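**Student:** predicted model, plus sequence, below.
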Amino acid sequence: KMALLSQSTQPPWKFEKLAAFMVGRSHELKIVNTVCPVTIRRQQDTLESASEVELMVVVGGRSSANTKELTRLCGIAGTPAIQIESVRDLEDPAPFAGRQVVGVTGGTSTPIEDLHAVARRILEIAGTPAVKGRAAQLADAAFALAATPAGRTTSLPSATAAG
C-alpha cells in the first residue's frame with residue numbers, strides 16, 4: 001500500500017509526474033492532490049506574463065519553493081528574472097537598464113501591498129525623470145489593471161498601458 005501527498009506549493013507537473021511513476025509500481029495507491037489552486041493560477045499567470053516582459057521581478061521568501069518555481073518558470077519562458085524578498089532589496093537600478101517593460105509577480109503568500117511597493121520602487125529607481133515623479137500614481141494604475149476579481153496580481157502592465 002502506498003500514498004502520495006504533495007506540498008501544497010509544488011508545481012502541478014511535478015505532482016503529476018510522480019503520481020504517474022507511482023501508479024505503475026503499486027498495487028494500491030491513494031493519491032491526495034493538495035496542490036493549491038491559487039498557486040497553480042499564479043504559476044500560469046507568471047509564465048504567460050514572462051513572455052510579455054523584458055525582465056520579471058519575483059517577490060517572496062528566498063527559501064520558498066513557490067517563489068523559486070516562479071523564478072524558474074520565467075527562465076523557461078526565456079525571460080531574465082530577479083528574485084527578491086521585499087522592496088528593501090531594490091536599491092540598484094542596473095538590472096532595469098535598457099528595459100522598457102518589467103513584470104512583477106510574487107509567491108502565493110506575498111501580500112499584494114508588497115507587490116505594489118515593489119512596482120512603485122522600480123518606477124522610482126529605474127524610470128525616466130517624468131516617471132519617477134509619478135511613480136505612486138503609475139503603480140496604482142498598473143495594479144488597478146493587473147488585479148482582477150479572480151485575484152490575478154502577477155503582472156505589471158507596461159508604463160504605456162498604465163499611462
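**Tutor:** Nice, thanks for sending it over.
**Student:** CA only for contacts and neighbour counts going forward, please
**Tutor:** OK.
**Student:** which residues of this structure score low on pLDDT?
**Tutor:** The model of the chain has pLDDT under 70 over residues 7-10, 147-163.
**Student:** strands of that one, start to end?
**Tutor:** Assigned by DSSP state E, the strands in the chain fall at 2-5, 29-32, 55-59, 81-84, 102-106.
**Student:** contact partners for the nearest residue to residue 123 once chain neighbours are set aside?
**Tutor:** Nearest residue to residue 123, sequence neighbours excluded (CA to CA, 6 or more residues apart in numbering): residue 135, at 5.3 Å. Residue 135 makes contact with 120, 121, 123, 124, according to CA atoms under 8 Å, 6 or more residues apart in numbering.
**Student:** quick check: the third one touching residue 137?
**Tutor:** Okay, so that is residue 123. No: contact status for residue 123 versus residue 137: not in contact, 10.2 Å apart, counting by CA atoms under 8 Å.
**Student:** more neighbours, those two?
**Tutor:** residue 123 (24 against 14; other CA atoms under 10 Å).
**Student:** hang on, the earlier thing: and the contacts of residue 135 as TSV, adding distance to residue 108?
**Tutor:** What follows is the contacts of residue 135, written out as TSV (distance: CA to CA, whole Å):
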residue	distance to residue 108
120	20
121	21
123	23
124	25
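**Student:** which ones among those residues lie within helices?
**Tutor:** Those of the contacts of residue 135 mapping onto helices are 120, 121, 123, 124, per DSSP state H.
**Student:** noted, bye for now.
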